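Peer 1: Okay, sequence plus prediction incoming.
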Amino acid sequence: MKASELKDLKVEDLQQKVTEMQQEMFNLRFQLYTGHLENTARLSQIKKDVARVKTVLNQKLGA
């Protein structure tokens, strides 16, 4: 997900996206600790995406 795509979204959509991504990150971590996670790279990718969405959200709220 690119920041340019996120800048077009509304604040409510960004907040919803953060919630969904955090839930996915929880599920991925749970799979990692139980030994069922096959794509470990997805965990670091989702962390970066959450940070990216939060950055854009803070920019929109601060402006």
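Peer 2: Arrived safely, thanks for sending. Residues are numbered from 1 along each chain as shown.

Peer 1: where does the protein have low pLDDT?
Peer 2: For the chain, residues meeting the criterion pLDDT under 70 lie at 63.

Peer 1: can you map out the helices along it?
Peer 2: Ranges of helices within the chain are 3-6, 11-34, 41-62, based on DSSP state H.

Peer 1: Now that we have the ones you listed, can you turn them into JSON lines and tack on mean neighbour count?
Peer 2: To be clear about C-beta, it is placed using only N, CA and C from the backbone, and glycine gets the same treatment. Converted to JSON lines, the helices of the chain look like this (neighbours: other C-beta atoms under 10 Å):
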{"stretch": "helix 3-6", "mean neighbour count": "12"}
{"stretch": "helix 11-34", "mean neighbour count": "13"}
{"stretch": "helix 41-62", "mean neighbour count": "14"}
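
Peer 1: List the contacts of the closest residue to residue 54 other than its chain neighbours.
Peer 2: Taking C-beta to C-beta, 6 or more residues apart in numbering, and ignoring the residues beside it in sequence, residue 54 has residue 18 as its nearest neighbour in space, at 6.2 Å. When contacts are counted by C-beta atoms under 8 Å, 6 or more residues apart in numbering, residue 18 touches 50, 53-54, 57.

Peer 1: Can I get the residues you listed in TSV including distance to residue 9?
Peer 2: Output for the contacts of residue 18, formatted as TSV (distance: C-beta to C-beta, whole Å):
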residue	distance to residue 9
50	14
53	9
54	13
57	9
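
Peer 1: what's residue 35 sitting at in phi/psi?
Peer 2: phi 90, psi 20 (degrees, to the nearest 10).

Peer 1: I meant residue 38, not that one.
Peer 2: Torsion angles, degrees, to the nearest 10, at residue 38: phi -90, psi -40.

Peer 1: gap between it and residue 52?
Peer 2: 24 Å (C-beta to C-beta, to the nearest Å).
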